[in-house]
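Peer 1: Take this sequence and fold it.
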Amino acid sequence: MLKYATTATAREFCYVEFGDALLPTLILLHGWSADLSTWAYLMMPLSKHYHVFALDFPGHGRSCPQIEGADSLFLVKWLREVTNTLDISRFHLLGHSMGGQVAAEYARLFPDCVESLTLLAPAGVGFPVNLEAVKQSGGSSSCMERAEAQRRLLANSRLDAFEFPWHELACPLKLIWGAEDRVVPAPLAGQLPEICHLHLLPGVGHAPHQEVPSEVLSLLTSRSL
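Peer 2: Residues are numbered from 1 along each chain as shown. Predicted coordinates:
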C-alpha cells in the first residue's frame, strides 16, 4: 500500500514499506524518470530478508513534483531528510542507474548510516553513459511539472561526466550489471576501482532487476560480495 509523509522542509514523498521492522533495513532508489514500481518484482521477496522501503524521488512517481536544486546533490539531501522523517538511522542502500549515483554519494557523505551499498548499472559514477539512450528510455511523465523537473535533473546531474571518489567509501560495495546494457555499458575490469565486486549478467540490459529479478534477488541476499 502506498504511504505518504512530509519532510521537515515540507516536501511530501511517496513510499512503500514491506517486511518486519526487526529485520535489517534496505532502501531502494529508482533511476531517472522511473518510480518505485520499478522494484515490483523484488520488494516482496526482499521483505523476507529486509525491512524494505522503496521511495519515489521528487519529480517522479507520486512524490512532490518540484525539484528545487535539480541535481544529484539535491536528491542526496532529500534522502537525508527522508531517512530522518522515517526515523531510519542505519540501513543498506540499493540504487539503479541515477539512483545508484545518489546512493553512492549518500554512502560517501554519511558513512555511519550505510551498512552496505549495491549499485545496479549505476550512472554518474565515472563510467560512460549513452545520454541519447537515457532520453529515449524515459521522460514520458504526463504531468508537465514532473516532466520539466526530470528534464532539468537529467541536464544537471552530469550522469556522463561525474567522477566518483570510490576510495572514500567505508561500506561493502557490490555492482550488478547487464552485459548487454546500452544505456550505461558495463565497464571493463581495468576500469573498476579495487573495492568494487562486479557481477556481470549475460544477455541482460539496463534493468537487471526487471529482466532477471530472480538472479538479482540471489545476489542481493547472498552474504558474499
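Peer 1: For the protein, which segments count as strands?
Peer 2: Using DSSP state E, the strands of the chain run over 3-6, 12-18, 25-29, 51-55, 91-96, 114-120, 173-178, 198-201.
Peer 1: tell me the mean pLDDT over the fifth one?
Peer 2: This points to strand 91-96. The pLDDT scores in strand 91-96 average 98.
Peer 1: Direction included, what does it pair against?
Peer 2: Strand 91-96 pairs in its sheet with strand 25-29 (parallel), strand 114-120 (parallel), by DSSP bridges.
Peer 1: could these be laid out in TSV, adding mean neighbour count?
Peer 2: Quick note: C-beta positions are derived from backbone N, CA and C, even for glycine. Output for the strands paired with strand 91-96, formatted as TSV (neighbours: other C-beta atoms under 10 Å):
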stretch	mean neighbour count
strand 25-29	25
strand 114-120	23
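Peer 1: and Leu79, which of these is closest to it?
Peer 2: The minimum distance between Leu79 and the strands paired with strand 91-96 falls on strand 25-29, with 7.5 Å, by C-beta to C-beta.
Peer 1: what sits up against that closest one?
Peer 2: With contact meaning C-beta atoms under 8 Å, 6 or more residues apart in numbering, strand 25-29 is reached by 36, 39, 42-43, 46, 50-55, 57, 79, 83, 88, 90-96, 99-100, 102-103.
Peer 1: Centre of the chain to the edge, which residue is at the far end?
Peer 2: In the chain, counting by C-alpha atoms, centre = their mean, Gly190 sits farthest out from the average C-alpha position, at 24.2 Å.
Peer 1: any idea how far that one is from Leu198?
Peer 2: 12 Å (C-beta to C-beta, to the nearest Å).
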